[in-house]
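> Need coordinates for the following:
(one chain, ligands or ions: 1)
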Amino acid sequence: MRRGTTLLRTLRTERFERTQVCARRRPRSRVVALTASVALAGCGGSAHLSEPLARWLSYTARSKSVTLTLVPGANNAFNGFNFNGYGRGAVLVRVPRGWRVTVRCRNDVSGHRHSCAFVKGANATAPVFAGAASPDPQLGLPPGRSARFSFVATRPGSYRIACLVPEHELMGMWDVFEISSSRLPSVTLLRSYPGEP
Ligand SMILES: [Cu+2]
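Numbers count the residues shown, from 1 in each chain. Predicted structure coming up:
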């Protein structure tokens, strides 16, 4: 039964002068709090906790560049059809317009082929920006393989981060990507799915 709650927690991303990896600078208590919230976020029954949201991205404000790390099938949430343990639009990644987005797609946990792609909406089969997908995204990266790709967030709007291997997005393997007028990147947990695996 889906009983999506409203916004659970918004991560405040500090204003950095130089390159920072957000998670490393966070007080331990906040990481613990995030982990606790993750337990509500659709990974009940999973032996592996979802990746704390703060570890999804790092950025350099001065050069307007953000690096996003995506681990397909990071745990058993949504039967493994997740990124970093989150799926079905539970997480929003917001990036300011004009920033360069570099994505590390690390398929080093799941035993299946997966891809990382930025698409316009549900059921898209090609990336919405040139270069905004891991190689051959409908075939996917084999287990143990990683890919790195980069694109510029040129057009404001709401998009999806999805796996384009057939049926995977349908099974829940997508999150939300937004290009906005915000000043800095952020990662937000939009909702949880109590009772769902
Ligand atoms: Cu997949």
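> Which residues of the protein lie near the ion?
Proximity of the chain to the ion is confined to 114, 163, 165, 168, 173 under the rule C-beta under 5 Å from the ion. Where you see a C-beta, it was placed from the backbone N, CA and C, and this is true even at glycine.
> In strands, which of the residues you listed fall?
Secondary structure defined by DSSP state E assigns none of the residues of the chain next to the ion to strands.
> Any chance of CSV for those, columns pLDDT and neighbour count?
CSV is the format used below for the residues of the chain next to the ion (pLDDT from 0 to 100; neighbours: other C-beta atoms under 10 Å):
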residue, pLDDT, neighbour count
H114, 98, 29
C163, 98, 34
V165, 98, 22
H168, 97, 25
M173, 97, 28
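> Would you enumerate the residues in contact with S180?
94-97, 156 (C-beta atoms under 8 Å, 6 or more residues apart in numbering).
> Ok, R155 next?
R155 sits next to 97, 129, 179 when contact means C-beta under 8 Å, 6+ apart.
> can you pick the most crowded of those?
Within the contacts of R155, most neighbours by other C-beta atoms under 10 Å means I179, with 23 neighbours.
> Name the helix or strand for it, please.
strand 174-180 (DSSP states H and E).
> Run me through the strand neighbours of whatever helix or strand comes next after that strand, direction for each.
For strand 174-180, the following helix or strand on the C-terminal side (DSSP H and E) is strand 186-189. Strand 186-189 has the following strand partners under DSSP bridges: strand 9-10 (antiparallel), strand 91-96 (antiparallel).
> picking that back up, tell me which residues in the strand holding I179 are buried?
Judged by neighbour count using 16 or more other C-beta atoms under 10 Å, the buried positions of strand 174-180 are 174-179.
> So which helix or strand of the chain has the lowest pLDDT on average?
Ranking every helix and strand in the chain by mean pLDDT, DSSP states H and E puts strand 20-21 at the bottom, with a mean of 30.
> measure T60 to the ion for me?
29 Å (C-beta to the ion, to the nearest Å).
> before we move on, what about G144?
With C-beta to the ion as the criterion, G144 and the ion are 15 Å apart.
> show me the contacts for that residue.
G144 makes contact with 107-108 under the criterion C-beta under 8 Å, 6+ apart.
> Endpoints of stretch 146-166, how far apart?
19 Å (C-alpha to C-alpha, to the nearest Å).
> So what's the model's average confidence on the host helix or strand of F149?
Per DSSP H and E, F149 falls inside strand 145-152. Averaged over strand 145-152, pLDDT sits at 98.
> That one pairs with which strands, parallel or anti?
Strand 145-152 is paired, per DSSP bridges, with strand 100-107 (antiparallel).
> Quick one: mean pLDDT for the strand it pairs with?
Mean predicted confidence for strand 100-107 is 98.
> Only the buried residues of that strand, if you could.
Applying 16+ other C-beta under 10 Å to strand 100-107 flags 100-103, 105-107 as buried.
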